[in-house]
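**Student:** Here is a sequence with its predicted model. Questions after.
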Amino acid sequence: MKARVWLLLLLPLLAVACSSKRIDVPSLDPRDVAAKALEEYDANKDGFLDAKELDRCPGLKTALLRFDKDKDGRFSRSELEEYFTLWVESKTGLQQVVCRVSLDNRPLIGATVVLDPEAFMGGNVKPAKGVTDSNGEARFQLDGAPQPGCNLGIYRVRITKTDGGKEVVPARYNTNTQLGIEVSSWLRGRTVFSLQSRS
């Protein structure tokens with residue numbers, strides 16, 4: 001009897017503890033996100049995002065081969081909406097992400113890797129950050145989150161490391177980054193960023 005009473009007293013506390021660790025799924029309107037992506041990157045205003053236009057959005061370009069349903073080499077508005085709808089339907093608050101970073105074919109140790117959401121994602125998808133270990137691997141976490149992981153989204157990747165106060169990573173990987181990543185519940189494994197000191 002005593003054990004049952006204690007259990008009844010503990011259950012509300014356990015529920016609060018568990019709920020405090022729950023990460024809410026960011027609110028996302030697939031139609032709105034698709035419209036904003038087209039507005040930002042559809043340079044010729046033909047209603048599509050082709051491979052050349054997606055060079056300016058490398059994270060989204062990585063998804064083109066998988067979600068170009070009619071195989072015409074570009075994203076239509078409906079394809080984008082379907083793609084973003086999958087994120088909403090997955091109901092994923094956090095997705096664990098690991099990346100491996102090398103510079104000139106050597107693991108880049110102690111580098112800060114920041115994932116900045118593309119502007120078209122809206123304000124609910126949050127940035128995430130990680131620091132590379134002795135293998136050049138970084139695991140990402142949202143600021144203040146109780147466990148590692150990222151929101152689903154399309155991100156710009158910025159990689160920095162200073163040595164004696166001097167930045168050792170070229171600007172094309174940070175302030176003028178050309179790197180991007182897609183964080184989705186259906187992707188697994190490590191993303192590899194092979195950086196070069198010289199272009």
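**Tutor:** Looks like it came in fine.

**Student:** what about the longest strand that the chain contains, distance to the chain center?
**Tutor:** Criterion DSSP state E: the longest strand present in the chain is strand 153-160. Remark: strand 153-160 is offset 7 Å from the chain centroid, using Cα atoms, centre = their mean, to the nearest Å.

**Student:** The following helix or strand past it packs against which elements?
**Tutor:** Next in sequence after strand 153-160, counting helices and strands by DSSP states H and E, comes strand 162-163. Strand 162-163 sits against no helix or strand, with contacts defined as 3 or more Cβ pairs under 8 Å, 6 or more residues apart in numbering; DSSP states H and E. Placement of C-beta: from N, CA and C, glycine included.

**Student:** Parallel or antiparallel, which strands does strand 162-163 pair with?
**Tutor:** Partners of strand 162-163 in the sheet, by DSSP bridges, are strand 166-167 (antiparallel).

**Student:** State the mean pLDDT of the longest strand of the chain.
**Tutor:** In this model, strand 153-160 has a mean pLDDT of 96.

**Student:** so who does E82 touch?
**Tutor:** By Cβ atoms under 8 Å, 6 or more residues apart in numbering, the residues touching E82 are P30, F67, K69.

**Student:** if we can go back for a sec, please enumerate residues in contact with the longest strand of the chain?
**Tutor:** By Cβ under 8 Å, 6+ apart, the list of residues contacting strand 153-160 reads 26, 57, 59-60, 63, 87, 99, 101, 108, 111-118, 120-121, 125, 128, 167, 169, 173-175, 177, 179-183, 193, 195.

**Student:** do the same with stretch 59-75
**Tutor:** 37, 41, 48-51, 54-55, 76, 79, 82-83, 118, 154-157, 180-182, 184.

**Student:** in stretch 96-112, what counts as buried?
**Tutor:** The neighbour-count check on stretch 96-112 (16 or more other Cβ atoms under 10 Å) flags V97, C99, R100, V101, S102, L103, L108, A111, T112 as buried.

**Student:** what's the most distant pair in these?
**Tutor:** The span of the buried residues of stretch 96-112, defined through Cβ to Cβ, is set by V97 and L103 at 20.0 Å.

**Student:** Could you point out which of the contacts of E82 is nearest to R139?
**Tutor:** For the contacts of E82, the nearest to R139 is F67 (26.4 Å; Cβ to Cβ).

**Student:** May I have the beta-bridge partners of F48?
**Tutor:** In beta-bridge terms (that is, DSSP bridges), F48 pairs with S76.

**Student:** Would you mind stating the distance between it and A37?
**Tutor:** For F48, the distance to A37 (Cβ to Cβ, to the nearest Å) stands at 11 Å.
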